[in-house]
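# Here's a sequence, model it:
(chains A and B)
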Amino acid sequence: MKKLMLGNEAFARGLYEAGCKVVSSYPGTPSTEITEEVAKYDEVYAEWAPNEKVAMETALGASIAGARSFCGMKHVGLNVAADPLYTASYTGVNAGMVIAVADDQGMHSSQNEQDSRHHAIASKTPMLEPSDSGECKEFVKLAFELSEQFDAPFIVRMSTRVAHSQSSVEMEDRKELDLKPYVKNPQKFVMVPAFAKQRHVFVEERTKKLIEYAETSPLNRVEISDSAEFGVITNGAAYQYVKEALGDKASVLKLGMVNPLPVKLIQDFAKKYDRIIVIEELDGIIEEHCRNIGVNNVEGKSIFGCIGEIDQSIIAEKLLGEKKEFTSLYVNIPIRPPVMCAGCPHRGLFYCLKKLGVTVSGDIGCYTLGSAAPLFAIDTTICMGASISGLHGFNKARGTESEHKTVAVIGDSTFMHSGMTGLVNIAYNNSNSTVIILDNSITGMTGHQQNPTTGKNLKGDPAAAVNLEELCKAIGIKRVRVTDPYDLAQTEAAIKEELAADEASVIISRRPCALLKYVKHNAPLAVDTDVCVGCGACMELGCPAISMKDGQAVIDHTQCVGCGICKEQCPMGAIN
Amino acid sequence: METRSIMIVGVGGQGSLLASRLLGNVLLAQGYDVKVSEVHGMSQRGGSVVTYVKYGDKVYSPVVNKGEADAIISFELLEAARCLPYLKKGGKLITSTQQIDPMPVITGAAEYPEDLVSKLKAAGAELVAVDALSLAEEAGTSKASNVVLMGVLSSLMDYPEELWQNALEQCVPAKFLELNKKAFELGKNAKTL
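Purely as a prediction, here's the structure:
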């Protein structure tokens, strides 16, 4: 049966069909749906881990125990999991282990644009890269076979366009596998120096064998066109752009295995044409490899650069000089940036922070939108957890001057991911820092995933819930209080008091995400046109449901969820 | 058949994912090779959302570039104007007349351009404008504008009605099916401006 599937859904289907038994991941766009989809199969145990390092260690543990296993993450998640990755490459596997890393070329939903192939090269882990949904499923299944054949975890690299494009996939049955026997083997799994030295030798030998495999693997294929004027070497989503833009004007070497890269296959292909163009998104890894193996008639990054996505128009323009005609409307079209939703509990908190002129060390999640107009309430955003540790450093550098006017903001899921250790540092190193946990009872930005504070697991079943108040106290923070961000007066008072205190404190700003299905909304509010004087106080909240028409505020009833913070804010009492 | 491209644009939360999946399933059932490209994550939060549907004998790239769209379906007027450069010469622009102020307009930093319907026509776009919001509310919820516009699109494409109905049943949760079928019907027979 053929079905339209997202790349991520097809990936999950591949996990299922390959007999994968244990899945542990942390959500991150564009990787999240792999794990959400595989959780729908009862035969697979699937969970959200608190972070990617835990997820990868869980998957490795399952592989050592004899079950085919998987962990999935976005590109920056692989940085968090880099520690287990580099040594898992040494230990290898028992049953097959597959890792998904989803790069976000063009930064549709990410803080950087790193090329994860560098991690595969540095950790000496083999990496495959599919170009559409059908390949996602096939590559995953093959990756498990190869993982067991070569004794290595296999990374499958995704990209936003492959992960979030649907194309048709042929469904097959699951291959149910018995657990492989577990046999104690310290030389392979205890990575003390004496054993690790032997395993490093094994890893280098393995890479040689993998290169041999890459020379003839069906993952890498040559598509010769008789009318070709030049040759193209490409991978991943870029392959699709190449085929669409160039058709039979170029012969193509499509690399489905992107680490390690073949040598002879590339050399032989390059001999056929005077001009070889490498079309790869982000860094020039294949291009550099070509030069390293003596293929010098290559171009690539000098034409396409290493920033953002490539597409068929860019290729057609750069290589064929063709440009598409189009019409524009010659009026000023205002941009439409993403915003915090109407009723978002983060809005009240950020409004108070802005009003108090507080410096805010930010983090990764929906609340990063607090940095945008009109709130402009965030000073820094770096990576998961950096709000708390960054605040500590900021305060140690500037002392009392900043301690009373600087806070960190971090969501519940991000706090569990890697904020906790920063808070331990604050308590341990006697830091007078104020941390605000924005507890909206869900992982919001990636589309509502459960986490260790929500009381539910990935499959939606009841689970132990971390008590944030007790956890912060156990860490050593004495001042811990809870506020409701819909109550502006209470929230403002809490921030003032905790900033004034001469010791570390945590404010838990608690209110569930307004988009959660179980959250009951109040009736939409409306502006009394006899009372509104058009002062614009409500506009300072940056609520997408409120706008000014003819000198008065108007509330869009289709968006308003009746959170009431504009009502609190209105000096005239015009909103009811 | 050469590859055809359709863009579906709107504001995060308006249901462009459902619309693109609906269309993708109709085209797959019609026997085409189909690719549907979506955007998830941050831009879904009230920002501009763009999805692409491409179909033909063999589809390679999942994305649509400027000057390539045979049709654009827009759930919001400003987004229709923003995407005009993607329309191929002679392509159709189907838009809801609904207006949603973006944040720069809300904060007063920018103005929502006036009379976009005439401006789009003057720019040479083959325009089909529909009051999809009113029709969606008539069907039972303002959220069904997406399916109203799919109804409008169905009246411009020559595929069996049964394929659209099957796709609705596949893509819409059972409890909202009747409502969406009504929205689709209203769109199919909608008056255009």
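# how distant is stretch A:551-562 from the center of its chain?
Here stretch A:551-562 is found 33 Å from its chain centre; the criterion is Cα atoms, centre = their mean, to the nearest Å.
# Over it, what's the mean pLDDT, rounded is fine.
Per-residue confidence for stretch A:551-562 averages out to 93 on the pLDDT scale.
# wait, does the helix or strand bottoming out on mean pLDDT in chain B make contact with chain A?
Among the secondary structure pieces of chain B, namely its helices and strands, helix B:103-106 has the lowest mean (mean pLDDT, DSSP states H and E), a mean of 90. Yes. Judged by Cβ under 8 Å from any Cβ of the partner chain, helix B:103-106 comes into contact with chain A at B:103, B:104, B:105, B:106. Any C-beta I mention is one placed from the backbone N, CA and C, and that applies to glycine too.
# Could you name the helices and strands sitting against that helix?
When contacts are defined as 3 or more Cβ pairs under 8 Å, 6 or more residues apart in numbering or on different chains; DSSP states H and E, helix B:103-106 sits against strand A:546-549.
# Give the buried residues for the strand it packs on.
By 16 or more other Cβ atoms under 10 Å in any protein chain shown, the buried positions in strand A:546-549 come out as A:546, A:547, A:548.
# What is the nearest of those to chain B?
For the buried residues of strand A:546-549, the closest approach to chain B (Cβ to the nearest Cβ) belongs to residue A:547, at 4.8 Å.
# and the closest one, what does it touch?
With Cβ atoms under 8 Å, 6 or more residues apart in numbering or on different chains as the criterion, the residues that contact residue A:547 are A:553, A:554, A:556, B:101, B:105, B:106.
# So what's the residue count around residue A:308?
Neighbours of residue A:308 under the rule other Cβ atoms under 10 Å in any protein chain shown: 14.
# Can you list phi and psi of it for me?
With angles defined as degrees, to the nearest 10, residue A:308 sits at phi 70, psi -170.
# pLDDT score for it?
According to the prediction, residue A:308 has pLDDT 97.
# what does residue B:41 give?
Confidence at residue B:41, expressed as pLDDT, is 63.
# ok, which residues in the stretch 1-150 of chain A are in contact with chain B?
Within the stretch 1-150 of chain A, the residues that sit near chain B (Cβ under 8 Å from any Cβ) are A:2, A:4, A:6, A:29, A:30, A:32, A:33, A:108, A:109, A:132.
# give me that answer again for 6 Å
When proximity is defined as Cβ under 6 Å from any Cβ of the partner chain, the stretch 1-150 of chain A approaches chain B at A:4, A:29, A:108, A:109.
# For those, which single residue is the most surrounded?
Top of the residues of the stretch 1-150 of chain A next to chain B by neighbour count (other Cβ under 10 Å): residue A:29, with 24 neighbours.
# Okay, now the unreliable bits of chain B?
For chain B, the stretches flagged by pLDDT under 70 are B:41-44.
# Helices along that one, start to end?
Secondary structure of chain B, counting by DSSP state H: helices at B:16-29, B:77-83, B:103-106, B:116-122, B:132-139, B:145-156, B:161-171, B:177-188.
# Would you list the phi and psi of residue A:456?
Dihedral angles of residue A:456 (phi, psi; degrees, to the nearest 10) stand at phi -140, psi 150.
# quick one: residue A:122 from chain B, how far?
For residue A:122, the distance to chain B (Cβ to the nearest Cβ, to the nearest Å) stands at 27 Å.
# Ignore what I typed, I meant residue A:451.
Applying Cβ to the nearest Cβ, one obtains 17 Å for the distance of residue A:451 from chain B.
# Closest to the centroid, which residue in chain B?
Among the residues of chain B, the one closest to the centroid is residue B:73, at 3.2 Å (Cα atoms, centre = their mean).
# coming back round to it: may I see the residues of the stretch 1-150 of chain A next to chain B organised as a markdown table, with secondary structure and distance to residue B:28 added?
Conversion of the residues of the stretch 1-150 of chain A next to chain B to a markdown table gives the following (DSSP: H, G, I helix; E, B strand; the rest coil; distance: Cβ to Cβ, whole Å):
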| residue | secondary structure | distance to residue B:28 |
| --- | --- | --- |
| A:4 | strand | 5 |
| A:29 | coil | 25 |
| A:108 | coil | 25 |
| A:109 | coil | 27 |
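# Tell me the strands beside the lowest-mean-pLDDT helix or strand in chain A, with direction?
Ranked by mean pLDDT, DSSP H and E, the weakest helix or strand in chain A is strand A:546-549, scoring a mean of 90. The strands that strand A:546-549 pairs with in its sheet are strand A:552-555 (antiparallel) (by DSSP bridges).
# which residues are contacting the partner strand?
Under the contact criterion Cβ atoms under 6 Å, 6 or more residues apart in numbering or on different chains, strand A:552-555 has outside partners A:525, A:526, A:527, A:529, A:532, A:534, A:538, A:545, A:546, A:547.
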